[in-house]
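Student: Below is the sequence, then the predicted model.
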Amino acid sequence: MDYLKRYGVAIISNNMHLTIQNNSGQKIDVLMRSLRYHYWGVSQKDNKWQFVRTLESGGAYPRFHIYLKYEGKTKEIAIDLHFDQRKPVYQGTVAHRAEYENSEVLDKEAQRIKNELSP
């Protein structure tokens, strides 16, 4: 997105964990929407914001799923990215088919995020 490239956004990546230095002044939800991610709630386990980006119109799966933690003092956004291939099979469980690292689809999505946010 061209308007993001005008802002100071630095990116450090380690596999499917991205750290973004958000000097743009943009709110997190606006920044994530610019990447085509939608707010999905807050994780009860670790209090991280969740965002998803589905690959099929009208469907919930497959999707990219981000857990995000924002540090207001340092303006760092820590992103944990994984790919949910399908919904949980057993009722009451969160276990599902997902990819967390060393995957071509995750590598491409992480690169897309880096490219869109690079100054």
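Tutor: Perfect, I can see it now. Since the structure is predicted, the reported quantities are computational estimates derived from the model, not experimental observations.

Student: which residues in the chain form strands?
Tutor: In the chain, the segments counted as strands under DSSP state E are 9-14, 17-22, 38-42, 49-54, 63-71, 76-84, 98-99.

Student: Among these, which one carries the weakest average confidence?
Tutor: If you rank the strands of the chain by mean pLDDT, strand 9-14 sits at the bottom with a mean of 42.

Student: does Leu68 have beta-bridge partners, and which?
Tutor: Beta-bridge pairing of Leu68 under DSSP bridges involves Trp49, Ile79.

Student: and it, how many residues sit next to it?
Tutor: For Leu68, the count of nearby residues is 22 (other Cβ atoms under 10 Å). (C-beta placed from N, C-alpha, C; glycine too.)

Student: looking at it, it is touching Ile28, isn't it?
Tutor: Yes: using Cβ atoms under 8 Å, Leu68 makes contact with Ile28 at a distance of 7.0 Å.

Student: Mutual contacts of these two, please.
Tutor: Counting by Cβ atoms under 8 Å, 6 or more residues apart in numbering, the shared contacts of Leu68 and Ile28 are Trp49, Ile77.

Student: Now for the residue positioned nearest the centre of the chain: which residues touch it?
Tutor: When Cα atoms, centre = their mean is applied to the chain, the residue found nearest the centroid is Ile66 (3.5 Å). By Cβ under 8 Å, 6+ apart, Ile66 lies in contact with Met32, Tyr37, Gln50, Phe51, Val52, Ile79, Asp80, Leu81.

Student: Against His65, how distant is the fifth one?
Tutor: What it means is Val52. Per Cβ to Cβ, to the nearest Å, Val52 is found 5 Å from His65.
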